[in-house]
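Trainee: got a sequence here, can you build the structure:
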Amino acid sequence: MTIHIVIPDDYQFATQKLDFLHSDNNFHCAAMGDLSRDPMADEQLSSAEALILIRERTVIDEAFLRRTPNLKLISQTGKLARNVDIDACTRAGVALVEGSGSPVAPAELTWLLIMASRRKFVSSVKAMAEGHWQTEIGSAVHNQVIGILGYGKIGKRLASYAAVFGMQVQVWGSLRAQEEARADGWTVPESREQFFATSDVITVHQRLVAATQGNITANDLALMKTDALFVNTSRAELVYDGALQNALKQGRPGFAALDVYEDEPIYNSRHPYLQMPNVLCTPHLGYVEKDSYALYFRTAFDNVVRYFSGDRSHVINF
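Mentor: Residues are numbered from 1 along each chain as shown. As a prediction, the model looks like this:
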């Protein structure tokens, strides 16, 4: 008997190219694009016995579970987050398993955004394509102060990148983050206010939990320099609702580079951030990379195989 696995919201159908997902005849993996736009969504979901979720793209709640009457297992790529209603899954008899990931791809994307923003790379490329020459003057990151908010695997990797480029690294976050940053030789400012006021670049690498939701406030942003850059490749909800847009309009900070948004995906080309010349936007590409996908999905698929082979030791909700 073949187990039917559905991978929803695979925008690029990238998982079709992962051979290990399609090499076991006991499992049939079907990738779906954006569920909100797929006319076959209900038909595919109704026969799904397992789902492999791509990070937090798909919201699993009671309404969603009513569309999946045969569902037995949800395998999350990376750690489970607030996109999955664990209690609703438990009531529906759906088991949950989670995997792990790598900080490499999101850290590299963050560094790319920093460099591209500082050197005004995208606007210069666009201007040249329109027949103009040297329309922008950017700034080097050497000797600038980078403030890393949150000091986990990605934050630590960013600190090492910045040091190689001659930046002055300072870190703010939990007491654990501050202690580890000091131990690694980085500066920890005397206060949160000093952190925001003295950084030329602030890059956010906190986990989104109840304690961190909306913890970056309008008051924090108002302390930033007029030529400072605010980078968020973590979660949009870490910033208090509406605070960043208003701050950018008021000129503190002067610039932003964003890979995450409150509502995704964004198809509206008139989205406010896309209309702001001082904002560089990318479509949540942090983890969207070939090796990252292979790692995420290898673990997620192995978790599915374990479950249907009778090993339930990795289930987190039963």
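
Trainee: so in this structure, which helix runs the longest?
Mentor: In the chain, with assignment by DSSP state H, the single longest helix is helix 290-308.

Trainee: rounded mean pLDDT for that helix, please.
Mentor: Averaged across helix 290-308, the pLDDT comes to 96.

Trainee: what is that helix packed up against?
Mentor: If you count contacts as 3 or more Cβ pairs under 8 Å, 6 or more residues apart in numbering; DSSP states H and E, helix 290-308 packs onto strand 3-7, strand 27-31, strand 50-53, strand 73-76, strand 95-98, helix 104-118. Placement of C-beta: from N, CA and C, glycine included.

Trainee: which other residues reach it?
Mentor: Contacts with helix 290-308, where a contact means Cβ atoms under 8 Å, 6 or more residues apart in numbering, come from 3, 5, 14-15, 18, 20-21, 24, 26-27, 29, 50, 52, 54-55, 72-73, 75-78, 95, 97-102, 104-105, 287, 314-315.

Trainee: for stretch 12-27, same thing?
Mentor: Contacts for stretch 12-27 (Cβ under 8 Å, 6+ apart): 1-3, 5, 7, 10, 29, 31, 33, 52, 288, 293-294, 297-298, 301, 304-305, 308.

Trainee: first-to-last residue distance for that stretch?
Mentor: Taking Cα to Cα, to the nearest Å as the measure, stretch 12-27 stretches 21 Å from start to finish.

Trainee: per-residue confidence averaged over it?
Mentor: Stretch 12-27 shows a mean pLDDT of 94.

Trainee: equivalent analysis for stretch 167-175, please.
Mentor: Across stretch 167-175, the average pLDDT comes to 98.

Trainee: quick one: buried residues of that stretch?
Mentor: Met167, Gln168, Val169, Gln170, Val171, Trp172, Gly173 (16 or more other Cβ atoms under 10 Å).

Trainee: and what of stretch 26-45?
Mentor: For stretch 26-45, the neighbour count (16+ other Cβ under 10 Å) marks Phe27, Cys29, Ala30, Ala31, Met32, Leu35, Ala41, Gln44, Leu45 as buried.

Trainee: nearest to Ile266, of those residues?
Mentor: The closest of the buried residues of stretch 26-45 to Ile266 turns out to be Leu35 (Cβ to Cβ; 15.8 Å).

Trainee: just checking, the closest one touches Asp9?
Mentor: Yes. Counting by Cβ atoms under 8 Å, Leu35 touches Asp9, with 5.7 Å between them.

Trainee: re earlier: can you redo the buried residues of stretch 26-45 as JSON lines with distance to Leu149?
Mentor: As requested, the buried residues of stretch 26-45 are arranged in JSON lines below (distance: Cβ to Cβ, whole Å):
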{"residue": "Phe27", "distance to Leu149": "41"}
{"residue": "Cys29", "distance to Leu149": "38"}
{"residue": "Ala30", "distance to Leu149": "39"}
{"residue": "Ala31", "distance to Leu149": "35"}
{"residue": "Met32", "distance to Leu149": "35"}
{"residue": "Leu35", "distance to Leu149": "33"}
{"residue": "Ala41", "distance to Leu149": "37"}
{"residue": "Gln44", "distance to Leu149": "40"}
{"residue": "Leu45", "distance to Leu149": "38"}
